[in-house]
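J.: Pasted the sequence and its predicted model underneath.
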Protein chains: 2
Amino acid sequence: MIKGANYIGDELSAKGDKTFTTFNPQANKVTGWTFHEATKSEIDAAVLLASEAFNQYKKISGKLKAQFLRTIADEIEALGDALIHTYIKESGLPIGRAQGERGRTIGQLKAFAKLLEEGSWVEATIDAAKPDRVPLPKVDMRKMLFPVGPVAIFGASNFPFAFSTAGGDTASALAAGCPVIVKSHPMHAGTGELVAFAITLAAKKTGMPKGVFSNLNSSGNEVGQQLVLHPNIKAVGFTGSFNGGMALYKLANERPEPIPVFAEMGSVNPVVVLPSALNEKGIDWAKQYAASIMLGAGQFCTNPGLIFGIKSTSLDNFIKTLGTEIATLEPNCMLHPNIHGNYEKGKEALSIQGGVNVVADYESEVQPNYARQKVVTVNGTNFLKNSKLHQEVFGPFSVIVRCEDATELSTILKALEGQLTGTILGSEDELRKYENVVEALKSRVGRLIFNGVPTGVEVCPSMQHGGPFPASTDSRFTSVGESAIKRWVRPISFQNWPQEFLPDALKNSNPLGIMRLVDSKNTKSAI
Amino acid sequence: MIKGANYIGDELSAKGDKTFTTFNPQANKVTGWTFHEATKSEIDAAVLLASEAFNQYKKISGKLKAQFLRTIADEIEALGDALIHTYIKESGLPIGRAQGERGRTIGQLKAFAKLLEEGSWVEATIDAAKPDRVPLPKVDMRKMLFPVGPVAIFGASNFPFAFSTAGGDTASALAAGCPVIVKSHPMHAGTGELVAFAITLAAKKTGMPKGVFSNLNSSGNEVGQQLVLHPNIKAVGFTGSFNGGMALYKLANERPEPIPVFAEMGSVNPVVVLPSALNEKGIDWAKQYAASIMLGAGQFCTNPGLIFGIKSTSLDNFIKTLGTEIATLEPNCMLHPNIHGNYEKGKEALSIQGGVNVVADYESEVQPNYARQKVVTVNGTNFLKNSKLHQEVFGPFSVIVRCEDATELSTILKALEGQLTGTILGSEDELRKYENVVEALKSRVGRLIFNGVPTGVEVCPSMQHGGPFPASTDSRFTSVGESAIKRWVRPISFQNWPQEFLPDALKNSNPLGIMRLVDSKNTKSAI
């Protein structure tokens, strides 16, 4: 069923001579599927189609776009086991994860459909005219959000469904009214092609304009670069490495017309274990964190890579238990030999830094591409002066930092790079006692967690998945949850515009029945 | 009363040897006031104070911040005629404008105070826990907006009050909870110092932390560059030229930690005069536009610099009347000899382009620094192929483009650079008939105006003052109106955070009584 071709709108296209294959990390051999890289002319064709599609797609009602998103969800489900097996083959992830992630992806599509059906997300704002105002009459002014145009989405290696072809970036951009061109992740191009088939079919079934979606294959950087540099592309979504994200960010900023790049570039997700958590629940937390570090072979952007405690016997016990616990867990298969290779290199590079001691290091032989977990410890002074120790090692690896006291802990947290999440384990009293620690952590993260693990990202309106740089290129936006739609829109005001020609969201009668800000009051009433 | 010193927090400081003076363009001589440029150590001191102030200021309630903003407004008023006279002396603008702009500035401060008192602007969003959800329990998640930290604001030449020291950028940043460091505009450094005095006094009277505001003098680029590059500065606001804005934008993007720059860089504000407007009201519109072009010596970012019509006798009549009318109006004094010099150069550079014909050119002798208005015309073909004709000439200058037909008009509008505003003059029927023209214009602007002039920017929640690049560096935000506060904040989520330690906006009891999104429903109810 997998053709190894690009989708240029609803047409399969394989004009390029350059090909690549995907890899089965569990079997440690190629999948046998070969993919044609998109050529320059195929990229141009996809962008041209997207631009033409935008002229129609931007005018389509929220209800109809919702139907499109729901049909994508249905068509993904309709692919059934064939899709699940392709996912497993190309990622090495277990069936439960594949099914769970498919459920999440479908859930995301439906959540955006619901948002569109409700309709208030456009932030309709109306200020009525006051012709009698002195010294000057007040004009009639109305504002709402409009889609920016075709966007380029880069699939992520570690979420072949939820952050890839029909993932949160695509779902939110299509919901916003923007055509989407996906640069498929080369590690799971087959999974991507099947999902692209589902989207294309859904677009046809719901009468969406041709070119509202395209899917391009590529194993190198050129296709992505050409996409980002194309003048008709108006925004970029990316989830992946710091180097990859920054390359696109710089490219986009150097365009004659700079465009926003929403890159989520990972995080070490600091966890602060306060004394009460060590004293009263240290063993429990050690076990929970051993499991959290190992989850999905540590291949989550919210993996807890950095744990802080204040020196004490109970911290020693916590570290010891975490080490013992994690050593008993079975290593998992990583996504790709390259990712496994980078993991081994990253682990080694951090382990040889000054003052680093090994807590646990899984040394038994494992199958190829399996990630052997490792936990190390270092004191606060060494950590503070060596920024290499702050770097993310993508995989089941964690650094435990032993701080002298709360002051050193605050100092370290303040000096930390921006992060997606920060976690506090402790009692409520300690939130007061360690206020400076909490404030320091808050200033560096997008999401604060109390007595939990950072892995597991709830898809809901209150989720912030995006932190200060370098966790994200733009900490004002989230890539998970309904607010992710705000990345693909800009406000336009209408001054003294005739009723009939205003968008429905701004008409006096409020035909969509949405919540609006009218003369600074929230209301669903007509005017 | 003017000391020529910087305000580093509430202290006057004049450590630098480098000085400059301001200029009275009406009298065509220096004002006699001398200003000390901020030194590197003064800049560092201001940023350090701002960072320390932020630790306290970010925790201050909306009601108290509102009191601070209202007191700034009072203290500006208390400066009375001394302030007005300084403004006039340093800008050459008339007293009515000075008083009007002061009123607007005070109005802006009070509008943000009202926004803070009401409190819903923080976008509080709550999703309740569902411990029984299968397959996984749902955590408690809550999100709201928090200030990003100290921000640098660059005063604009053309609005010594409303877009400078205590202008919309400063008011919105202080409202958001961010300390502000103003890089005062060198053309009205005295006005800036007086306003800085008012802000500093208001900060003291309302118990704001020292360093919540500083004001730095500089006639060159170094002070601004050092500010933007300082690691503790977290965002930048700028209103001015394309070159100035882009220099700061690039600098900010090249920092180890890039920060957002909200630069509003001007616009030529295209106006489309459709046939009915030409036929039925051509003479009226010609008179109104002559006045709009001349307003404030054309020194507005919303000045109508570009007017489009479809070739016809009535277009010829419109052009002729506009030319005759504008020739009868008295030239006005510009802000500074440099601005006047640039105006003369810009006017000349555009006038010598191929196919340009002069409609009106005020040639009588005028006082020094007075702007002699000029209107030229060119056909669509010449305009389309020569991007020099698209450039802003800051002053009372306008280009009228004579298009062959609606198709050429649409083509030109689509090819136009991003603009702050776009105006349609015509009938409602024509909005239907010329739908492609309207859509093309909409895609290039932040604000659409029907049957009006673009000058006059209402300060209200539905105002969008910010358009696609190069009108602004970030078209998703506005620099005028209450939404301007959104530039200085980022969302933070709290997962399973204890009630007592949540910000008031996120507590179950809703002690602030604000509108919140609770489980996807807008409500002011407690949980």
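T.: Structure received.

J.: For residue A:412, give its distance to residue A:440.
T.: 8 Å (CB to CB, to the nearest Å). For every residue, glycine as well, the C-beta is placed using N, CA and C.

J.: cool, residue A:245 as well?
T.: 25 Å.

J.: Equivalent analysis for residue A:414, please.
T.: From residue A:414 to residue A:440 the distance is 5 Å (CB to CB).

J.: Please apply the same query to residue A:284.
T.: Counting by CB to CB - residue A:284 and residue A:440 are separated by 26 Å.

J.: re the thing from before, in terms of neighbours, single out the busier of residue A:414 and residue A:440.
T.: residue A:440 (21 against 14; other CB atoms under 10 Å in any protein chain shown).

J.: what sits against the more buried one?
T.: A:410, A:413-414 (CB atoms under 8 Å, 6 or more residues apart in numbering or on different chains).

J.: which among those gets closest to residue B:302?
T.: residue A:414 (42.8 Å; CB to CB).

J.: what helix or strand does that closest one sit in?
T.: helix A:406-415 (DSSP states H and E).

J.: Which of the residues in that helix are classified as buried?
T.: Across helix A:406-415, burial judged by 16 or more other CB atoms under 10 Å in any protein chain shown covers A:406, A:408-413.

J.: partner strands of the helix or strand that that helix is followed by, parallel or antiparallel?
T.: The first helix or strand that comes after helix A:406-415 along the chain, using DSSP H and E, is strand A:419-425. Sheet pairing for strand A:419-425, assigned by DSSP bridges, gives strand A:270-273 (parallel), strand A:445-450 (parallel).

J.: relative orientation of strand A:419-425 and helix A:406-415 in degrees?
T.: 160 degrees (axes from the mean of the first three to the mean of the last three CA atoms, to 10 degrees).

J.: Could you list the residues in contact with the helix holding residue A:414?
T.: A:270, A:272, A:308, A:310, A:380-381, A:383-384, A:401, A:403, A:422, A:434, A:436-437, A:440-441, A:443-444.

J.: ok, now stretch A:279-287?
T.: Contacts of stretch A:279-287 (CB under 8 Å, 6+ apart): A:273, A:277-278, A:314, A:317-319, A:321-322, A:325, A:425.

J.: Mean confidence (pLDDT) on that stretch, please.
T.: Mean pLDDT, stretch A:279-287: 97.

J.: Stretch A:235-249 too?
T.: pLDDT averaged over stretch A:235-249 gives 97.

J.: quick one, helices of the stretch 351-500 of chain A?
T.: With DSSP state H, counting those that start in this stretch as the criterion, the stretch 351-500 of chain A has helices at A:380-385, A:406-415, A:428-433, A:435-442.

J.: can I get these in JSON lines with distance to residue B:187 and mean pLDDT?
T.: JSON lines is the format used below for the helices of the stretch 351-500 of chain A (distance: least, CB to CB, whole Å; pLDDT from 0 to 100):
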{"stretch": "helix A:380-385", "distance to residue B:187": "46", "mean pLDDT": "96"}
{"stretch": "helix A:406-415", "distance to residue B:187": "39", "mean pLDDT": "97"}
{"stretch": "helix A:428-433", "distance to residue B:187": "50", "mean pLDDT": "97"}
{"stretch": "helix A:435-442", "distance to residue B:187": "40", "mean pLDDT": "97"}
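
J.: need those helices in JSON lines with distance to residue A:198, can you?
T.: As requested, the helices of the stretch 351-500 of chain A are exported to JSON lines (distance: least, CB to CB, whole Å):
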{"stretch": "helix A:380-385", "distance to residue A:198": "46"}
{"stretch": "helix A:406-415", "distance to residue A:198": "44"}
{"stretch": "helix A:428-433", "distance to residue A:198": "46"}
{"stretch": "helix A:435-442", "distance to residue A:198": "40"}
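
J.: looking at these, which is closest to residue A:11?
T.: Nearest of the helices of the stretch 351-500 of chain A (CB to CB): helix A:435-442, 49.6 Å.

J.: buried set for that closest one?
T.: Result for helix A:435-442 [16+ other CB under 10 Å]: buried residues A:436-438, A:440-442.

J.: Over to stretch A:122-139?
T.: A:122-127, A:139.

J.: Now tell me what touches that stretch from outside.
T.: Residues contacting stretch A:122-139 (CB under 8 Å, 6+ apart): A:140-145, A:489, A:491, A:495-496, A:505-506, A:514, A:516-520, A:527, B:100, B:452, B:456, B:458, B:460-462, B:483.

J.: Start and end of that stretch, how far apart?
T.: Taking CA to CA, to the nearest Å as the measure, stretch A:122-139 stretches 22 Å from start to finish.

J.: How far off centre is that stretch?
T.: Here stretch A:122-139 is found 40 Å from its chain centre; the criterion is CA atoms, centre = their mean, to the nearest Å.

J.: Cross-reference the buried residues of stretch A:122-139 with the strands and report the matches.
T.: Counted as lying in strands by DSSP state E, out of the buried residues of stretch A:122-139, are A:125-127.

J.: export these to a markdown table and tack on pLDDT?
T.: As requested, those are arranged in a markdown table below (pLDDT from 0 to 100):
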| residue | pLDDT |
| --- | --- |
| A:125 | 98 |
| A:126 | 98 |
| A:127 | 98 |
